[in-house]
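Chemist: Here's my sequence, what's the structure:
(2 chains)
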There are 2 protein chains.
Amino acid sequence: MSEQVRLTLEEVRGLTHDTLRANGLSAAHADAITEVITAAERDECKSHGLFRLPGYIASVRSGKVRPDAVPTVEVLAPSVVRVDGGGGYAPLAFRTGLPHLVERARSQGLAALVMNHIFNFQALWPEAETLASQGLVAFVYTSSFSYVAPAGGTKPLFGTNPMAFGWPRAGHPPLVFDQASSVSARGEIQIHLRDGKQIPEGWAIDPDGKPTTDPAAALAGAQLGFGGYKGASIALMVELLAGALIGDLFGFETTERDNGDGGAPAGGELVIAIDPARCVKGGDRAGQLAHAEQLFARILEQPGTRLPSERRYRARERTPTEGIVIPRSLHDEIVSLRGS
Amino acid sequence: MSEQVRLTLEEVRGLTHDTLRANGLSAAHADAITEVITAAERDECKSHGLFRLPGYIASVRSGKVRPDAVPTVEVLAPSVVRVDGGGGYAPLAFRTGLPHLVERARSQGLAALVMNHIFNFQALWPEAETLASQGLVAFVYTSSFSYVAPAGGTKPLFGTNPMAFGWPRAGHPPLVFDQASSVSARGEIQIHLRDGKQIPEGWAIDPDGKPTTDPAAALAGAQLGFGGYKGASIALMVELLAGALIGDLFGFETTERDNGDGGAPAGGELVIAIDPARCVKGGDRAGQLAHAEQLFARILEQPGTRLPSERRYRARERTPTEGIVIPRSLHDEIVSLRGS
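Modeler: Down below sits the predicted model:
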């Protein structure tokens, strides 16, 4: 029997939605989570695809995450909208806040969406892409469990603290990057462990603070910021933006309060959206986007380069016809979570 | 005769101001530039101190920078203020836009200051610190001459593209970092060349795209983004924010248009300021800042750590009494630029 299972994107969508609904997620939450998981599989971002589904379920079964939370919106300032996620997952909170953020970014020039009382288990690039698809420049910040040592330190304190950035393009899908402040995503180390592979040097230190290539020792020790102290500065910035700035948790608080169910971290999220047309005299969105294309052309004329997100977009061309592949063990686990 | 000259901060201030005025800078520009140069010397950030003064003068003498430009302010959107620097140096443009940015960040929750038609030769941390000293969270972005290869590429395209971040603290000066998107500052490679030293691996590639530790080959080749492709992504983001988003130049355009006078690069600057009190329900600035102090305490309890900007603040305690030291050759050059 093959060790892998091939699924169409429609099968991914159906399996995900059914499993979420069978475990008590409201239709609205199931829709929003299904969208981000399917998008991840479609773009071959395996660490945020079906791989995450058992964790989503675990945190509902443990009672940590509310499966039927109804996010609420309030305006904190002319350029700041807040969504209280009510203790549910983030994708529905983002979906709820999105139209308010877009409207205010356009009317005010830039605007922020503060999301509190949520659990983040999804990648950030879909949110940056969604905003950039509507013509806005987007920044997305969130923290996570404390996994990353501060600069000069040896113990985990910061989350892997991803930040995503989106730039709208005329005639192309947006330019988007979504990168952890750590050298590698947590999920990459977990996948190395699952597959019995060593991790590259420089990703992490063991519990004694020594460099390690053993994924188990890395998971027990601390991950490192990318590029040394500079990446650690970015991680610190993200802690402040997704924590104290918006009245939400730091990574270490998330870890200390967690019930250990193996699922999603609690924590806040900050999204900032800017309307390019409001940032130049006379507003010239087409001209601004055309100007950016000149930069992209200069990048791509150098052999060996590609734009951030290009790999995802190439996968996106393939997977609707080729489908996607996951380990049979994961497929079996999800089917058992779904029930008959 | 000593190879070095010791000056009090008042002497730095007087020498700088006199030299700028003697070279035709208006009183307003001389005041603003003197403040940033003196602040850099006070904090022992030598690469942005008196070391820069000959460059400031060179670009006025060459006719590239207007010494008497009068920045003008206009409101582009409720949360976006623009300053047209009129072809002058950035510090006066920032000073001109500052009260408008602060007022709108407080009234709108967050706001952006777009600065066009300026020349940036100063560090960004003083601007982030100024905003954070007024209780605001600050982001500052600007580009520079094209020195850095895109991810996977071998030819210089991006600027070293610094970004600064400021966080207000209660009872402490703000937490601020200001870091280039390249592994090293340009000046560090130049200093290695001057001193006949090899540069560390990973800083740069030679004109053939091969890794090099030869500083001359590095300067002829391209610098690399910090942390590999992730730092290059940050550099790309800064190009877009300080270029196409605000209708200003990319690094490669700055390089192509420059007159080679050895002075400041033309280019735009984007500053974003957020009022923490407008980002939480009910507004609780004191509580938010106290929360952040809990994170800083967790960082500092780990041996070997320090907060960004601590080294500058320690220098700031020393230099008002001890003064600062510069090479005699630099002092002589400045005195000659000042004239009798």
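
Chemist: How much space separates the spatially most central residue of chain A from A:Pro162?
Modeler: The centroid of chain A falls nearest to A:Ala123 when counting by C-alpha atoms, centre = their mean (1.8 Å). Noted for A:Ala123: a distance of 8 Å to A:Pro162, by C-beta to C-beta, to the nearest Å. Glycine gets a C-beta too; all of them are placed from N, C-alpha and C.

Chemist: mind checking the end-to-end distance for stretch A:115-131?
Modeler: 16 Å (C-alpha to C-alpha, to the nearest Å).

Chemist: What is the distance between it and the centre of its chain?
Modeler: Chain-centre distance of stretch A:115-131: 6 Å, with C-alpha atoms, centre = their mean, to the nearest Å.

Chemist: And the helices in the stretch 151-300 of chain A, which stretches?
Modeler: Counting by DSSP state H, counting those that start in this stretch, the stretch 151-300 of chain A forms helices over residues A:186-194, A:215-220, A:229-242, A:251-257, A:285-300, given from the N-terminal end onward.

Chemist: Which elements pack onto the first one?
Modeler: Under the contact criterion of 3 or more C-beta pairs under 8 Å, 6 or more residues apart in numbering or on different chains; DSSP states H and E, helix A:186-194 touches helix A:215-220.

Chemist: Identify the residue spatially nearest to the residue nearest to the centre of chain A, adjacent ones excluded.
Modeler: Distances taken as C-beta to C-beta, 6 or more residues apart in numbering or on different chains place A:His48 nearest to A:Ala123, at 4.1 Å, with adjacent residues excluded.

Chemist: quick one: contacts for the one you found?
Modeler: In this structure, A:His48 makes contact with A:36-37, A:40, A:122-123, A:187, judged by C-beta atoms under 8 Å, 6 or more residues apart in numbering or on different chains.

Chemist: do that again at 10 Å, thanks
Modeler: Contact criterion C-beta atoms under 10 Å, 6 or more residues apart in numbering or on different chains gives A:36-37, A:39-41, A:121-126, A:178, A:185, A:187 as the residues in contact with A:His48.

Chemist: A:Asp248 too?
Modeler: Shown here is A:Asp248, whose contacts under the criterion C-beta under 10 Å, 6+ apart are A:114-118, A:142-143, A:241-242, A:254, A:266-270, B:279-280, B:291.

Chemist: Then A:Leu241?
Modeler: A:Leu241 is in contact with A:112, A:139, A:141-143, A:161, A:163, A:248, A:268-270, A:272, B:137, B:139, B:165, B:167, B:274, B:279, counting by C-beta under 10 Å, 6+ apart.

Chemist: Mind checking which of the residues you listed land in strands?
Modeler: Cross-referencing those with the strands (criterion: DSSP state E) gives A:112, A:139, A:141-142, A:163, A:268-270, A:272, B:137, B:139, B:165, B:167, B:274 as the overlap.

Chemist: ok so, going back, touching both of A:Ala123 and A:Pro162, which residues are there?
Modeler: The contact sets of A:Ala123 and A:Pro162 overlap at A:140, A:178, A:185 (C-beta under 10 Å, 6+ apart).

Chemist: Test my guess that the first one contacts A:Leu131.
Modeler: Yes: using C-beta atoms under 10 Å, A:Val140 and A:Leu131 qualify as a contacting pair, with a distance of 8.3 Å.

Chemist: Overlap in contacts, the two.
Modeler: Contact criterion C-beta under 10 Å, 6+ apart; residues bridging A:Val140 and A:Leu131 by contacting each: A:94, A:113, A:164, A:166, A:176, A:271-273.

Chemist: could you flag which of those are buried?
Modeler: For the shared contacts of A:Val140 and A:Leu131, a burial check counting by 16 or more other C-beta atoms under 10 Å in any protein chain shown picks out A:94, A:113, A:164, A:166, A:176, A:271-273.

Chemist: Between those residues, which sits nearest B:Pro303?
Modeler: A:Ala164 (33.2 Å; C-beta to C-beta).

Chemist: and the closest one, what does it touch?
Modeler: With C-beta under 10 Å, 6+ apart, A:Ala164 has these contacts: A:123-129, A:131-132, A:138-142, A:176-179, A:271, A:308.

Chemist: Before I go, just wanted to say thanks for your time.
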